[in-house]
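*Asks:* this one's structure only:
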């Protein structure tokens, strides 16, 4: 029902589109508000002032150009990690391997970044960027092929491949690709491979936004996207209608890995400047949170990533101003996730809050079907 | 439901209004303000972060300094967190862990009037406002190895280590092995690094326990656990079997891992707390100079084992300690090579 309604979007009136938007956005928004409220109660119980804490969180993430730049910088890998999970999900696959694909992408882009000298920026930077993404794609295809041709479940294989990726990258950073000195990390990338910053605004963010739009277009406006979504909804029906399910499964994982790998590339080329073990921890896993919060919609991934990115960017300021430990951010993030997944709870609260409008919502939904 | 939520909200607002913000003016020249930025992890980690923070708290008690800390959550935030203190007029900023080295130097160049103390940060070239507080972990490990080499009955000793991605862990291991060979040339050594990445290498007590168990099965009767919670897991596993010894790391682990009391004969310590305090003191006294400050290392007290460790072993350890201090013997550890 909801899917049909939202797809009719372009032809329906503004009011209907707004109603349709609210139907899909109400649960995440309420989940965020509820999580913030419970977070405030926890802050109170721990003896901190919640308004100070939230004000400091905002100050640290949006109050000036530097803070906004930091927020966008944090949001960038989250957008791509979220897209990776959301995209695979549309094709019926649960890619838990975003972290591994991101690491592989990060170290390959670093290797291209420090290893290939003498190239102009216009070639070197895109080459390193795409090189890392392709490495992520190839890495994810392993799990895709295992799924397509042996039936091995992608949740298991991608989780295991995460550990393989950690150990491969640690080995490379502490072995063949190690920088001079005692620290285990690759040399710094060359100037010509770095993604520049405009004042404080990281350009990688705009790459991520552009990619989100491309993925939305691919999924909802092309034949390939239609096939991927068909496989996601019902692989057997897809097979009977002539779709090559096995090939599509590999391709879906490859594109998903491409997105995660691109996230790693941008981290290396735009933020860290080299590959260093421990600098990309958890980014791929946060992608799962983002995808769920965005309800796997490629464009909704952007605001979801900015929200979580802002919370991470502001957490230091919150510690400093309000003397609140950063773990509260993890708690709020977990609560958001909880309420998004346990949709029933939120719907129940919403129903009570918006008693009068329940009927209208129902009739508009049925009317369009 | 609506009412309940309203009451909650009212409570929050009330509590907020009654809250009083503490005023602090670090920008004033009379107020000494010391900030500490942790490495990724918690302030009460029973390890580096905590030891360094205790040094800063000593400065609060004895020098009347205003002190504050920020726990780092993401390695990419080092500079952001340092800048929070710098922009608020702090006079001294302590950064904990070799991983913060680069961010500390960057901040030092940006804020030349602020003094920085980098724990575990070796300074290649001296910078006027940065003191790298370093510890010869290899010497500390050497003493632990010598103790293990003299205590072993089976002729086999083990080390359960965090990752070799972290130089101090490598230094502890190399020193431990050299120390054991120094007193007992034919000793069998079983040293194992955690195979995982930085995100798990120091927080995997199960792996530490099973690795210690394997070493015991191979005949080891002294086990050195060096690697945060991973090493602690090894210590606790060893404590479960009678007649074995274990050796802790970094601080006196008698205080931090009580479960290991049945085997914990000593710990290979880095004296971070006095190192941090003394460096802060030197800034206040005006004797501070940039470059490396070498902190003290040593073995922790034997505690319950004080009676059972023979006097000749104690004498030999003291002799080795003096020889190490004067560089009369070398641990053979050379990070450059």
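*Replies:* Yes, it's here. Values in this document were obtained by computation on a predicted structure and should not be read as measured data. Numbering: from 1, shown residues only, chains lettered A, B, ... in the order given.
*Asks:* for the residue in chain B that chain A sits nearest to, which non-adjacent residue is closest in space?
*Replies:* Closest to chain A within chain B is residue B:198: 3.6 Å, counting by CB to the nearest CB. Using the backbone N, CA and C atoms, a C-beta is placed for each residue, glycine as well. The spatial neighbour of residue B:198 that comes closest, neighbours along the chain excluded (CB to CB, 6 or more residues apart in numbering or on different chains), is residue A:278 at 3.6 Å.
*Asks:* wait, a helix at the one you found?
*Replies:* No. Going by DSSP: H, G, I helix; E, B strand; the rest coil, the assignment for residue A:278 is coil, not a helix.
*Asks:* that one and residue B:41 touch, don't they?
*Replies:* No. At 11.0 Å, residue A:278 does not count as touching residue B:41 under the criterion of CB atoms under 8 Å.
*Asks:* who does the helix or strand harbouring residue A:307 touch, helix- and strand-wise?
*Replies:* Residue A:307 is part of helix A:301-322, with elements assigned from DSSP states H and E. Secondary-structure packing of helix A:301-322 (3 or more CB pairs under 8 Å, 6 or more residues apart in numbering or on different chains; DSSP states H and E): helix A:50-62, helix A:65-90, helix A:204-221, helix A:283-293, helix A:327-341, strand B:66-72, helix B:78-87.
*Asks:* partners of the shortest one in the sheet?
*Replies:* Sheet pairing of strand B:66-72 (DSSP bridges) gives strand B:33-40 (parallel).
*Asks:* one step back: who's in contact with the residue nearest to residue B:198?
*Replies:* B:40, B:75, B:99, B:165, B:197-199 (CB atoms under 8 Å, 6 or more residues apart in numbering or on different chains).
*Asks:* now residue B:178
*Replies:* Listed by CB under 8 Å, 6+ apart, the contact set of residue B:178 reads B:138, B:141-142, B:145, B:331-333.
*Asks:* how far away from the center of its chain is the host helix or strand of it?
*Replies:* Using DSSP H and E, residue B:178 maps to helix B:167-183. Relative to the chain's own centre, helix B:167-183 is displaced by 17 Å; criterion: CA atoms, centre = their mean, to the nearest Å.
*Asks:* next one: stretch B:158-175
*Replies:* Here the centre of stretch B:158-175 is set off from its chain's centre by 13 Å, with CA atoms, centre = their mean.
*Asks:* does chain A sit close to it?
*Replies:* Yes. Stretch B:158-175 lies within reach of chain A by CB under 8 Å from any CB of the partner chain, at B:163-167.
*Asks:* highest neighbour count among those residues?
*Replies:* Ranked by the number of neighbours (other CB atoms under 10 Å in any protein chain shown), the residues of stretch B:158-175 next to chain A place residue B:166 first, at 26 neighbours.
*Asks:* list the contacts of it.
*Replies:* A:184, B:98, B:198, B:201.
*Asks:* wait, the third one touches residue B:163, no?
*Replies:* This points to residue B:198. Yes. Counting by CB under 8 Å, residue B:198 does reach residue B:163; the two are 6.4 Å apart.
*Asks:* which of the contacts of residue B:178 are buried?
*Replies:* Among these, those classed as buried by 16 or more other CB atoms under 10 Å in any protein chain shown are B:138, B:141-142, B:145, B:331, B:333.
*Asks:* need the max-distance pair from these.
*Replies:* Within those, B:145 and B:333 form the most distant pair, 11.4 Å apart (CB to CB).
*Asks:* tell me how many other residues surround residue 295.
*Replies:* Went with chain A since none was named. Other residues near residue A:295 come to 18 when the count uses other CB under 10 Å.
*Asks:* meant chain B actually
*Replies:* Residue B:295: 20 surrounding residues under other CB under 10 Å.
*Asks:* please enumerate the strands of the stretch 51-200 of chain A.
*Replies:* For the stretch 51-200 of chain A, the strands defined by DSSP state E, counting those that start in this stretch cover A:197-198.
*Asks:* need the residues of it near chain B, please.
*Replies:* Counting by CB under 8 Å from any CB, the residues of the stretch 51-200 of chain A lying close to chain B are A:51-52, A:70, A:73, A:163, A:166-167, A:169-170, A:173-174, A:182-184.
*Asks:* got a quick PyMOL command for the buried subset of those residues?
*Replies:* Restricted to buried positions by 16+ other CB under 10 Å, the PyMOL selection for those reads:
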select buried, chain A and resi 51+52+70+73+166+169+170+173+174+183+184
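*Asks:* closest point of chain A to chain B, which residue?
*Replies:* For chain A, the residue closest to chain B is residue A:278, as judged by CB to the nearest CB, at 3.6 Å.
*Asks:* contacts only, for the residue nearest the centre of chain B.
*Replies:* The centroid of chain B falls nearest to residue B:48 when counting by CA atoms, centre = their mean (3.2 Å). Residues near residue B:48 by CB under 8 Å, 6+ apart: B:39, B:96-97, B:119-120, B:250, B:272.
*Asks:* please apply the same query to residue B:129.
*Replies:* Counting by CB under 8 Å, 6+ apart, residue B:129 has contacts B:108, B:112-116, B:290.
*Asks:* rerun at 6 Å
*Replies:* Counting by CB atoms under 6 Å, 6 or more residues apart in numbering or on different chains, residue B:129 makes contact with B:108, B:115.
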